[in-house]
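*Asks:* give me the fold of what follows.
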Amino acid sequence: MQQPLWKFRPMSRGEINVDPIEGEFFSTEVLGSLSDAVIREAVQNSLDAGLPGETVRIVITFPSPDQRLGADAAAHYLHGLREHLDAKGSGLAEGIDYGRPMDFLVIEDFGTRGLAGDVRDDGNQDDAETKNDFYYFWRNIGRAVEGTTTRGRWGLGKTVFQAASRINSFFGLTVRRGETRRLLMGQAVLKIHRSNGRRYAPYGYYGRFEDDFALPVEDPGHVERFCRDFSVRRTAEPGLSVIIPYPDEDIEIESVIRSVINQYFFPI
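*Replies:* Have a look, this model is predicted:
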């Protein structure tokens, strides 16, 4: 079984240099509060994915100090990423003390369908009528699902998850309706950067790879360890769990409670 890791794509000679700009839509200067953005985007997309006849539940977990990952455990989930985070020009606003325990934030929905669709869809299929939540969540940014009029469309909204992390990265674990397997991937969004003398594209993935194509981790042992390490509650229930490592320091329990009340007072 291939050991999961983070991987960025080396850029080819002559390739146009374009740094991502989607994180600017979620700057505190624009929004006033990252907590508001995280809650609004997470909840609205969970409501969109609700199963008929089911009540959508959302659980937000802040780990206690003894639940935070120690440096050695955290390094296991940063394998292949650290060299890019530390690269000159990565775009990170501040450094991280990797010798201290890793803080994290977990947002999980229940009573939803999970990220349905072919995990091998690379966007080249001709069948545009088949909605693929997995593709639009992991491999699409800024392009709405054609014909969708729901609250959230996994276009720009989901980029708030990486914007909420001080290392611009997040993990996602999903169980799809009708299945019991748990699928785990991760995404990091940096700037074009150089590492070990090579130039790399901004988008990196955590998973298992076929050449440079990222696929979700399915190995039960690895997924179970991940869920235990990050206090993920999901077992076989359909839905999506988002894990944000090193969350922005402004995202606290009190600010999240205020955001839930402000954003969803009437539905509550």
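
*Asks:* quick one: strands adjacent to the longest strand along the chain?
*Replies:* The single longest strand within the chain, with elements called by DSSP state E, is strand 198-210. Paired strands of strand 198-210, with direction, are strand 5-10 (antiparallel), strand 183-189 (antiparallel), strand 193-195 (antiparallel), strand 213-215 (antiparallel) (DSSP bridges).

*Asks:* quick one: low-confidence ranges for the protein?
*Replies:* 1-2, 21-32, 93-94, 125-130, 142-157 (pLDDT under 70).

*Asks:* what do you get if the cut-off is 50, keeping everything else the same?
*Replies:* 25-30, 147-149, 151-156 (pLDDT under 50).

*Asks:* returning to what we had before: quick one: distance of the longest strand of the chain to the chain centre.
*Replies:* Computed by Cα atoms, centre = their mean, to the nearest Å, the chain-centroid distance of strand 198-210 equals 14 Å.

*Asks:* which residue ranges form the helices in the stretch 51-200 of the chain?
*Replies:* 71-76, 82-85, 133-138, 160-163 (DSSP state H, counting those that start in this stretch).

*Asks:* need those in TSV with mean neighbour count, can you?
*Replies:* To be clear about C-beta, it is placed using only N, CA and C from the backbone, and glycine gets the same treatment. Converted to TSV, the helices of the stretch 51-200 of the chain look like this (neighbours: other Cβ atoms under 10 Å):
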stretch	mean neighbour count
helix 71-76	14
helix 82-85	19
helix 133-138	22
helix 160-163	24
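
*Asks:* and the nearest residue to Y135 once chain neighbours are set aside, how many neighbours does it have?
*Replies:* Among residues not flanking Y135 along the chain, D121 sits closest, at 4.4 Å (Cβ to Cβ, 6 or more residues apart in numbering). For D121, the tally of surrounding residues (other Cβ atoms under 10 Å) stands at 16.
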